[in-house]
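Chemist: got a predicted model here, sequence first, then my questions.
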Amino acid sequence: MQLPPSDMRPKLSFRARLQTDKVTGKPIVLYPEGVLMLNPTGHAIVSLCTGEATFDQIVANLAARYKISAQEISPQVAEYLNRLRERNLLETRAGNEGWK
Amino acid sequence: MNRAVPRPFSLLAEITHRCPLHCPYCSNPLQLVPSRGELATEDWKRVLAEAAELGVLHVGFSGGEPLQRPDLVQLVAAARESGLYSNLITSSLGLTRQRLEELKGAGLDSIQISFQSDEETLADRIAGTTAHAKKLQTAQLVREFDFPLTINTVLHRGNIHRLEQIISLAESLGAERLELANTQYYGWAFKNRAALLPSREQVDRAVEIASAAKKRLLGRMEVLFVVPDYYSDRPKPCMHGWGQKHLTVNPTGEVLPCPTAHEIPNLRFDNVREKSLGWIWRESEAFNRFRGTEWMPDPCRSCEFREVDFGGCRCQAALITGDATVTDPACQFSPQREKLTRFVEASQEGRNAFSSEDEEILFRQNAGS
């Protein structure tokens, strides 16, 4: 899997809703017939998928937050985004077609 | 009670049995609830709030046709207020522009429309009424309002040969999710199973088509293909275990561990008019009857798959063997497997009941007032 284009602006799909689980108090993403229980890193990534920040900006933000190099963290972010994409949870209309 | 009771994740709210369609595989019971027996708006609002407190995340408004309830918008608003992710499971008949506007305003999250086939003549014959053309229009309207769209097609001998075209239809409608659900043989479908069960060859072909589509559409349209368990070696992990993740509330307020649990003779269901949803989930006889693995007989009890498929489906065991407590006959290890395979073998040569007018099919009736 390649890294996404650096200027891609990932956005959580209109099918998905990020909210707090009443039972556990933890963040979850709800979508048709499914739910993702987010760990803190997942939550950080999903929260940045607003369609505003580019992939590079998201990586830079997380690298600063977790005190780890952008180079090291970018494949992990890409992998997480790809998992979202495979579940059809990334907005396809926002021009991420360039990502193979 | 030392059994751990988990949290439920999903609620199927069958708010009415009234429906304009007459599909002969309807999952509603043969004994339909008349409209005068339906729960009131306030009862449903309480059920939704209690469900969310219990941990439920998803509510499916279903029926029958949920649009037949004039208070649907109020119920959707109540679900949204409780933080539930709501899905409207509909034929789409009655889904006007105004209704869509109201549902959007109330916070409805997604819409699932049933299609009986991809082409009008066959689709309307299966539905037992004129519906297909209207559904096409409404599906487009749903996109206009920016609702996530799921298309659901129940597959059977009468339409499984159209699978490729059905997938194309879902694509052309811009659906994000396509459920290709082989008929589950309960209720009306069980009555009609000789006419509905596809041949092994048809099923094998359908599996190939669906797998290819799944791959091709990855990330664009989620394709779900539910394998018919009559053709499987292993039973389906029904409801992911009895009383583990799911509850159904039927139009009259009875709470069921699965939508077809009424197939099980002598199982009593508590009603939300008398008991809280939480009590019913945790304490009721119906939810504890097959919860966990303690109830299992052999071969399930000692089977390595007992936590994988949970003994299969209780309703199917009841329907085919007459005993809800035995291994699902869809399982290759079931001592009564033959009861199912004999039926499957006998139906290989069956004709397509929807291809002519002189069919021997029982269409679903109206629910009455």
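Modeler: Noted; the coordinates are in hand. Numbers count the residues shown, from 1 in each chain, chains lettered A, B, ... in the order given.
Chemist: in stretch A:80-94, which residues are buried?
Modeler: Buried residues in stretch A:80-94, defined by neighbour count with 16 or more other Cβ atoms under 10 Å in any protein chain shown: A:80, A:81, A:82, A:84, A:85, A:87, A:88, A:89, A:90, A:91. Yep, even glycine has a C-beta here, placed from its N, CA and C like the rest.
Chemist: will you turn those into TSV that also has distance to chain B?
Modeler: Formatted as TSV, the buried residues of stretch A:80-94 follow (distance: Cβ to the nearest Cβ, whole Å):
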residue	distance to chain B
A:80	14
A:81	11
A:82	9
A:84	9
A:85	5
A:87	7
A:88	5
A:89	9
A:90	8
A:91	11
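Chemist: tell me the one of these nearest residue B:220?
Modeler: The closest of these to residue B:220 turns out to be residue A:88 (Cβ to Cβ; 6.9 Å).
Chemist: how far away is the closest one from residue B:128?
Modeler: According to Cβ to Cβ, to the nearest Å, residue A:88 stands 33 Å off from residue B:128.
Chemist: cool, and residue B:48?
Modeler: From residue B:48 over to residue B:128 the distance is 32 Å, taken as Cβ to Cβ.
Chemist: same check, this time on residue B:212
Modeler: Between residue B:212 and residue B:128 the computed distance is 32 Å (Cβ to Cβ).
Chemist: settle it for me: which of these two has more neighbours?
Modeler: Neighbour count, other Cβ atoms under 10 Å in any protein chain shown: between residue B:212 and residue B:128, residue B:128 has more, with 18 against 13.
Chemist: against chain B, how distant is residue A:10?
Modeler: Between residue A:10 and chain B the distance, using Cβ to the nearest Cβ, to the nearest Å, works out to 13 Å.
Chemist: residues touching that residue, list them.
Modeler: Contacts were defined as Cβ atoms under 8 Å, 6 or more residues apart in numbering or on different chains; by that measure residue A:10 touches A:4, A:49, A:51, A:55, A:58, A:81, A:84, A:90, A:91, A:94, A:96.
Chemist: which of these has the weakest pLDDT?
Modeler: In terms of pLDDT, residue A:94 ranks lowest among the contacts of residue A:10, with 52.
Chemist: other SSEs contacting the helix ranked longest in chain B?
Modeler: If you go by DSSP state H, chain B has its longest helix at helix B:200-216. Contacts defined by 3 or more Cβ pairs under 8 Å, 6 or more residues apart in numbering or on different chains; DSSP states H and E place helix B:200-216 against helix B:163-172, strand B:177-182, strand B:222-226.
Chemist: contacts for the longest helix along chain A, please.
Modeler: Longest helix in chain A by number of residues (criterion: DSSP H): helix A:70-86. Residues outside helix A:70-86 that contact it (Cβ under 8 Å, 6+ apart) are A:1-4, A:10, A:12, A:41-42, A:45-46, A:49, A:55-56, A:58-60, A:62-63, A:66, A:90, A:96, A:99, B:218-219.
Chemist: and with 7 Å instead?
Modeler: With Cβ atoms under 7 Å, 6 or more residues apart in numbering or on different chains as the test, helix A:70-86 has contacts from A:1, A:3-4, A:10, A:42, A:45, A:58-60, A:62-63, A:66, A:90, B:218-219.
Chemist: from those, list the buried ones, please.
Modeler: Buried members of these, scored by 16+ other Cβ under 10 Å, are A:3, A:4, A:10, A:42, A:45, A:58, A:59, A:62, A:63, A:90, B:219.
Chemist: got a list of what the fourth one touches?
Modeler: So that's residue A:42. Counting by Cβ under 7 Å, 6+ apart, residue A:42 touches residue A:80.
Chemist: check which helix or strand covers it.
Modeler: Applying DSSP states H and E as the criterion places residue A:42 in helix A:40-48.
Chemist: cool, and residue A:58?
Modeler: For residue A:58, the host element (DSSP H and E) is helix A:55-66.
Chemist: list the helices and strands that helix packs on?
Modeler: If you count contacts as 3 or more Cβ pairs under 7 Å, 6 or more residues apart in numbering or on different chains; DSSP states H and E, helix A:55-66 packs onto helix A:40-48, helix A:70-86.
Chemist: what residues does the stretch 151-300 of chain B have near chain A?
Modeler: Listed as neighbours of chain A in the stretch 151-300 of chain B under the rule Cβ under 7 Å from any Cβ of the partner chain: B:176, B:177, B:218, B:219, B:220, B:222.
Chemist: circling back to that earlier point, angle of the helix holding residue A:58 against helix A:70-86?
Modeler: Interaxial angle, helix A:55-66 versus helix A:70-86 (axes from the mean of the first three to the mean of the last three Cα atoms, to 10 degrees): 120 degrees.
Chemist: so which of the helices and strands packed on helix A:55-66 gets nearest residue B:243?
Modeler: Nearest of the helices and strands packed on helix A:55-66 to residue B:243, taken as Cβ to Cβ: helix A:40-48 at 29.3 Å.
Chemist: picking up where we left off before, CSV for the contacts of residue A:10, including distance to residue B:20?
Modeler: Output for those, formatted as CSV (distance: Cβ to Cβ, whole Å):
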residue, distance to residue B:20
A:4, 46
A:49, 41
A:51, 40
A:55, 48
A:58, 48
A:81, 43
A:84, 38
A:90, 37
A:91, 35
A:94, 38
A:96, 40
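Chemist: residue B:56: which of those is nearest?
Modeler: Set against residue B:56, the nearest of the contacts of residue A:10 by Cβ to Cβ is residue A:84 (23.7 Å).
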